[in-house]
Each structure stands twice: as C-alpha cells, then as structure tokens.
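**Student:** Based on what follows, work out the 3D shape:
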Amino acid sequence: MKQIAFLGLGVMGYPMAGHLQKAGYQVTVYNRTQEKAERWVDEFGGRFASTPQQAALNADVVLACVGNDDDLRSVTLGDAGAFSGMKSGALFVDHTTASAEVARELSLVLERTGGVFLDAPVSGGQQGAENAALTIMVGGPESAYNSVRPVLDVMAKAVNLMGPVGSGQLCKMVNQICIGGLLQGLSEGLMFARNSGLDPEKVIDVISQGAAQSWQMENRHKTMLQGEYNHGFAVDWMRKDLSIVLDEAQRNGTSLPVTALVDQFYADVQVMGGGRWDTSSLMARLEALAQLSR
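**Tutor:** Residues are numbered from 1 along each chain as shown. All right, here's what the predicted structure looks like:
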C-alpha cells in the first residue's frame, strides 16, 4: 500500500499529506486551487494532479479533507471525480467533518465499483495536523480499517474504529457537542473568577488538578484571558459542524438544548466579526455583554 492520493490541501490536509510523503508513501495531491498543490510538491516532493480522477488513478488509498458534504461530492462523483479513477479494491478515506448520511451515500456508490469507503473525521485542529498528533475516528469495515491503519498512524496519535460507515462522523459529532459545552463553561468560569476578584490563573492552577480539568482548560485559558483567539478551529467551521450535529439530533430524537444555545452564541460571535476566531472566543462574547451592561 504505497500509492496514495490526497484531495484537499487546506490548513489540515496540507500538513497531513506532507507527513505521508515524508513517511515514504508516494503521494499525488489534488487541490481546487492548483497553485497550492504546486507549492506542496515544491515543499514535500510527490506529484499533483489537475483533477481528483487523475489523482486517484492507480492509488491504493485515496484520502480527502475538504469542506462539507457538497465539497465531498464534488471531488468524488462525476467523470472528473475520484471514484471514476479508483481501481477495484482501493480504499477511500474521508477526513472531512461531514454528515453520516453523505458517508453512507458515498459508500454505496463506491461499493458498486469494488471500492471501500471509510469515514474518518479528525480532532486536534491545525496544530494536531502539523504535529501528526490527530485523533481519528473511523467508520467502515474492520478489514479495510486494519489495512489502512498504518497510513492513518502516520498522521495521528490515536486511531479508533467506531463501527460501520457513518460511525466516525457520529463520534465526531459527540466531540463537537462536548467541546462547545466545555468552552462555554470555561468562558463563564473565567469571567466569574475575574469578576469575583480572584486571580483567574491561580484558579485554573487549582481546579485543573481536579474534576474540572479538560484539554480546553489546559490549552486555552491563557489566551482566552489575554483576548487572543487565533489559535485553533474557527467559529465558522464550528457552526458548520454544529449544524450537522443538530440535524442528526433531530433525526435520532436527541434533545441538545445546551448545544443549540452554544450554536447561537457562536452566531453572536460571527456578528461581532469573529467568524475566523477560534472556538474559545465565546469568552469575547461574554466580555462584550459585560461592556454593554456597564
């Protein structure tokens, strides 16, 4: 399993594909803006293709990391799509955070030509992608998962099979539900500490040793207190993800009142001009509200 195609060279896909080329795989990349694909080849080696179909020719594994369901369909379907170039038995691994529905849909399409589809969304953000420290949640057949696991391990610190196709996306939805709630709670806690006359840094030093500890607390509280929101996953992307979550919750009958509320808080951040701020910018919303109440 040496020939790899990688579709989509955004802030995540660019370094992910780079790790694979460095690890000795023969990587052909495709990006909608070809200049970025050419820059990637200049930096890492490998090759670039002008269409997903050309990138997928002769590949043992085709990986994708694009924006949303429609972007995923655009790089897989049609005469120029990757599926039309994939050989029988090849694997398609989708790292896009998309819906479970599109994963199941595309799995059925690829199955007809002898290919196998795995949904494999990632967590860890740009920093995790650059440091090959992502968490990858996979949905698909166990045999295909075992075959592609060495490829995924190159980019990740943790890789887990969650169940059949669609399960990876469902697991990523749980991830986003939890992150939204954690960040809102952390924002409120920091504001409460500050308004109570406590030193927020000392508070975090204490409570991070107990039951309140979280990755967000450890890695984001300092920048939140400093009003710096350029360190992670953008609010615009989070709202896209939460839209997928809320749609799925409506289908499976899950009540998500906190998630729905946090989604609206992120909408407020977008109105403030913070669409490209990272998700910890919920703190900025609370600070803006405090200013209005004075």
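
**Student:** tell me the phi and psi of the residue nearest the centre of the chain?
**Tutor:** Averaging the C-alpha coordinates of the chain gives a centre point, and the residue nearest to it by Cα atoms, centre = their mean is V122 (4.6 Å). In terms of degrees, to the nearest 10, the main-chain angles of V122 are phi -120, psi 160.

**Student:** likewise V93?
**Tutor:** phi -120, psi 120.

**Student:** next one: M86
**Tutor:** phi -80, psi 140.

**Student:** Who are the packing partners of the longest strand along the chain?
**Tutor:** Using DSSP state E to define each element, the chain has its longest strand at strand 156-163. Counting contacts by 3 or more Cβ pairs under 8 Å, 6 or more residues apart in numbering; DSSP states H and E, the secondary-structure elements packed against strand 156-163 are strand 134-139, helix 142-153, helix 167-195. C-betas here are computed from N, CA, C, even on glycine.

**Student:** May I have the beta-bridge partners of the residue lying closest to V122 once chain neighbours are set aside?
**Tutor:** Closest residue to V122 in three dimensions, ignoring its sequence neighbours and counting by Cβ to Cβ, 6 or more residues apart in numbering: L134, at 4.5 Å. For L134, the beta-bridge partners are A156 (DSSP bridges).

**Student:** Please verify my assumption that L134 contacts Q127.
**Tutor:** No. Using Cβ atoms under 8 Å as the test, L134 is too far from Q127 to be in contact (9.7 Å).

**Student:** of these two, who's got more company?
**Tutor:** More neighbours surround L134 than the other of L134 and Q127, with 27 against 14 (other Cβ atoms under 10 Å).

**Student:** Spit out the contact partners of that one.
**Tutor:** By Cβ atoms under 8 Å, 6 or more residues apart in numbering, L134 lies in contact with M16, V122, S123, G124, G128, M155, A156, K157, A158.

**Student:** My guess is the last one contacts I136. True?
**Tutor:** Yes. Counting by Cβ under 8 Å, A158 sits close enough to I136 to count as a contact (7.1 Å).

**Student:** More neighbours: those two, which one.
**Tutor:** Taking A158 and I136 together and counting by other Cβ under 10 Å, I136 has the greater number of neighbours (26 against 13).

**Student:** Just the endpoints, please. Distance across stretch 192-206?
**Tutor:** Using Cα to Cα, to the nearest Å, the span of stretch 192-206 from its first residue to its last is 15 Å.
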